[in-house]
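[1] Below is the structure, and that's it, no one-letter string:
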């Protein structure tokens, strides 16, 4: 008999998408937006990394109603990403230190599968979590994204803008002068290269961004908005700026909006 110590196999890091109804007044049944395979995989996980433990527990409770969780909700191991990672970024931007996520992955090294989840949509896409994924790769851990809604791609597909060449640029500056300058830069890029420019905003700042877009963009630029995606109340519209100026219906200040500009 060999005296060698058997090293436990590492677990798999699953990127678990969440429904897009977080913070909305209505909810879409999970079975309408997530495949059964995704829900079953999530139900068997017992270790999690998330943005917010409270919303993750609420999501797991919805899953439990369809597929029994492997362990009771109270005994699930749920770890929140540090505030700095999702407020200042995962990659040392905004003056923050590069976040070392490896200590959070100890359960994976011990052989447990883990789930990475954000509050809405696909984790690490327009959401924190990429540092977790990067650390997993660096440790030789298998990473497996599960199927589910991604608001940016849904908005792009429904915009009528160029889906062969596009860029997501995150949030625009909050100060008025910086915001206008950034809008002009993105429009010039979109019109010169045909590259769709996509960005998002915190709901309560939607109105200010919308006014800046209508006042700054050229009349022939196409501007699309998408909010409430996957909900019955979803609003998806795409018009030339000169038409929007006549339409004058601003986006909702209660839900996140994906904005896209191009030609």
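    Noted; the coordinates are in hand. Given the structure is predicted, the values throughout are model-derived calculations rather than measurements.

[2] how near is the residue lying closest to residue 182 once chain neighbours are set aside to residue 49?
    Nearest residue to residue 182, sequence neighbours excluded (Cβ to Cβ, 6 or more residues apart in numbering): residue 172, at 5.0 Å. (C-beta placed from N, C-alpha, C; glycine too.) From residue 172 across to residue 49, the span is 28 Å (Cβ to Cβ, to the nearest Å).

[3] more neighbours, these two?
    Per other Cβ atoms under 10 Å, whichever of residue 172 and residue 49 has more neighbours is residue 49, with 25 against 21.

[4] which residues touch residue 60?
    Neighbour list for residue 60: 42, 69, 73, 76 [criterion: Cβ atoms under 8 Å, 6 or more residues apart in numbering].

[5] Also residue 238?
    By Cβ under 8 Å, 6+ apart, the residues touching residue 238 are 158, 159, 160, 161, 222, 223, 224, 225, 260.

[6] so what's residue 150 closest to, chain neighbours aside?
    residue 122 (4.7 Å).

[7] So that neighbour sits against residue 19, correct?
    No. In this structure residue 122 lies outside contact range of residue 19 using Cβ atoms under 8 Å: 11.4 Å.

[8] where do the contact lists of the two overlap?
    Residues touching both residue 122 and residue 19 (Cβ under 8 Å, 6+ apart): 148, 149.

[9] Give me the longest helix you can find in this protein.
    helix 176-193 (DSSP state H).

[10] tell me which residues of that helix are tucked away?
    179, 180, 182, 183, 186, 187, 189, 190, 191 (16 or more other Cβ atoms under 10 Å).

[11] what's next to that helix, contact-wise?
    By Cβ under 8 Å, 6+ apart, helix 176-193 touches 165, 167, 169, 172-173, 195-197, 199, 208-209, 212-213, 216-218, 221, 261-263.

[12] again, 7 Å this time
    Residues outside helix 176-193 that contact it (Cβ atoms under 7 Å, 6 or more residues apart in numbering) are 169, 172-173, 195-197, 212-213, 216-218, 221, 261-263.

[13] Can you flag which of those residues belong to helices?
    Going by DSSP H, the helices hold 212, 213, 216 from these.

[14] If you rank the residues you listed by neighbours, which is first?
    residue 213 (22 neighbours).

[15] burial measure for residue 128, as a count.
    The number of residues near residue 128, taken as other Cβ under 10 Å, comes to 25.
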